[in-house]
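Asker: below is the structure, and that's it, no one-letter string:
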């Protein structure tokens with residue numbers, strides 16, 4: 001994997017670049033649709049590529065390990081062959097699931113024991129096993145195994161957890177060096193900055209992982225309930241330490257406003273379930289604000305779903321029709337909304353890239369942020 005830094009904004013820390021992988025190039029800043037179990041919910045692969053214009057998608061180590069399992073995954077030739085997506089794929093390490101399964105897991109220096117949310121069976125993830133699983137999935141970008149701390153989090157716990165994450169990172173890098181890429185393409189490891197919302201811990205973590213000199217760096221633990229101000233403060237701090245010549249990935253964040261504010265702080269890569277999760281509940285993001293498609297105001301509104309048309313669904317379907325589908329509980333409603341929201345997110349980061357290249361990003365962001373936050 002290679003990263004080329006192209007343009008830096010003069011008024012902010014925003015920048016554009018290109019990540020080169022064996023499955024294609026990724027123009028940054030970029031948003032990555034989340035395909036937890038090997039699919040982006042409700043969206044076909046051709047829609048991801050042609051309508052949404054996704055450049056890279058995510059797979060989830062924990063979920064794919066449980067279903068379909070690595071025997072099936074390896075027999076298929078990896079996730080690319082299994083799901084038909086021929087672009088780059090990033091996998092998370094399972095660290096977030098360690099956080100979310102707090103009631104059914106135990107953590108020690110060796111790794112994490114947890115119970116499956118499917119059948120209650122016991123499993124044990126070590127840093128080495130997390131690497132092996134991601135190798136088997138065939139991701140182009142692999143995440144180091146970490147512990148994502150909750151928010152709020154006591155200082156001593158955050159410190160101990162961060163230090164263990166750093167030790168786990170060393171084990172991950174050692175194991176990557178001892179094992180081979182699978183399926184004929186290269187696989188790159190990204191470490192993850194932790195430290196909760198404590199400045200000294202975040203600085204220490206950023207300095208530590210930067211010292212590993214890996215192909216890219218991630219910022220974790222800022223999508224578990226922190227106020228936006230804390231997200232921005234920690235992101236700004238960490239980006240001031242992480243090397244400029246490596247892509248920076250802010251994990252699990254967030255709203256359209258979050259994306260623009262964090263692009264301005266120097267972040268290159270984002271992922272979040274929000275566009276598809278909110279879509280399934282009838283919430284659509286637009287450049288004029290947020291629409292609740294279940295509201296009565298759309299009942300007889302036969303105008304296009306979105307006048308700006310970031311995807312074919314925006315001009316093909318009307319607001320009244322999509323509202324009807326939601327009230328009739330038709331699956332098509334969720335599919336249309338998911339395509340729209342993902343296409344909007346990809347439009348947003350692409351337009352941010354254009355504005356950075358034109359030297360107009362700061363003024364454009366200041367104009368967009370108030371609009372994106374309002375309800376319409």
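Answerer: Everything's here; your move. This structure is a prediction, so every number in the text was calculated from the model and none was measured. Numbering: from 1, shown residues only.
Asker: grab the nearest non-local neighbour of the residue in the chain sticking out farthest from the centre.
Answerer: Seen from the C-alpha centroid of the chain, the residue lying at the greatest distance (C-alpha atoms, centre = their mean) is residue 300, 36.3 Å away. Sequence neighbours aside, residue 320 is the residue nearest to residue 300 in space, at 5.8 Å (criterion: C-beta to C-beta, 6 or more residues apart in numbering). For glycine as for every other residue, the C-beta is placed from the backbone atoms N, C-alpha and C.
Asker: what's the burial count for the one you found?
Answerer: Number of residues near residue 320 (other C-beta atoms under 10 Å) recorded here: 16.
Asker: same deal with residue 373?
Answerer: 12.
Asker: go on, residue 180?
Answerer: Neighbourhood size, residue 180 [other C-beta under 10 Å]: 7.
Asker: what of residue 288?
Answerer: Residue neighbour count, defined by other C-beta under 10 Å, stands at 13 for residue 288.
Asker: before we move on, what about residue 207?
Answerer: 13.
Asker: helix or strand: which one has it?
Answerer: helix 199-210 (DSSP states H and E).
Asker: mean confidence score for that helix?
Answerer: The average pLDDT within helix 199-210 is 98.
Asker: and that helix, what's buried?
Answerer: 201-206, 208-210 (16 or more other C-beta atoms under 10 Å).
Asker: what's the answer for stretch 262-273, then?
Answerer: Quick answer for stretch 262-273 (16+ other C-beta under 10 Å): 262-272.
Asker: for the helix or strand just after the helix holding residue 207, which helices and strands make contact with it?
Answerer: Helices and strands here follow DSSP H and E; after helix 199-210, the next one along the chain is strand 217-219. Judged by 3 or more C-beta pairs under 8 Å, 6 or more residues apart in numbering; DSSP states H and E, strand 217-219 is in contact with strand 192-193, helix 199-210, helix 228-239, strand 248-250.
Asker: I figured residue 99 hits residue 147, correct?
Answerer: Yes - at 7.2 Å, residue 99 counts as touching residue 147 under the criterion of C-beta atoms under 8 Å.
Asker: those two: who's more crowded?
Answerer: Applying other C-beta under 10 Å to residue 99 and residue 147 shows that residue 147 carries more neighbours, namely 22 against 17.
Asker: surely residue 57 touches residue 32?
Answerer: Yes - at 6.1 Å, residue 57 and residue 32 qualify as touching, with contact defined as C-beta under 8 Å.
Asker: need the overlap of contacts for the two.
Answerer: Common neighbours of residue 57 and residue 32 are listed as residue 90 (criterion: C-beta atoms under 8 Å, 6 or more residues apart in numbering).
Asker: need the three-state assignment for the residue farthest from the centre of the chain.
Answerer: coil (DSSP: H, G, I helix; E, B strand; the rest coil).
Asker: gap between it and residue 325?
Answerer: 15 Å (C-beta to C-beta, to the nearest Å).
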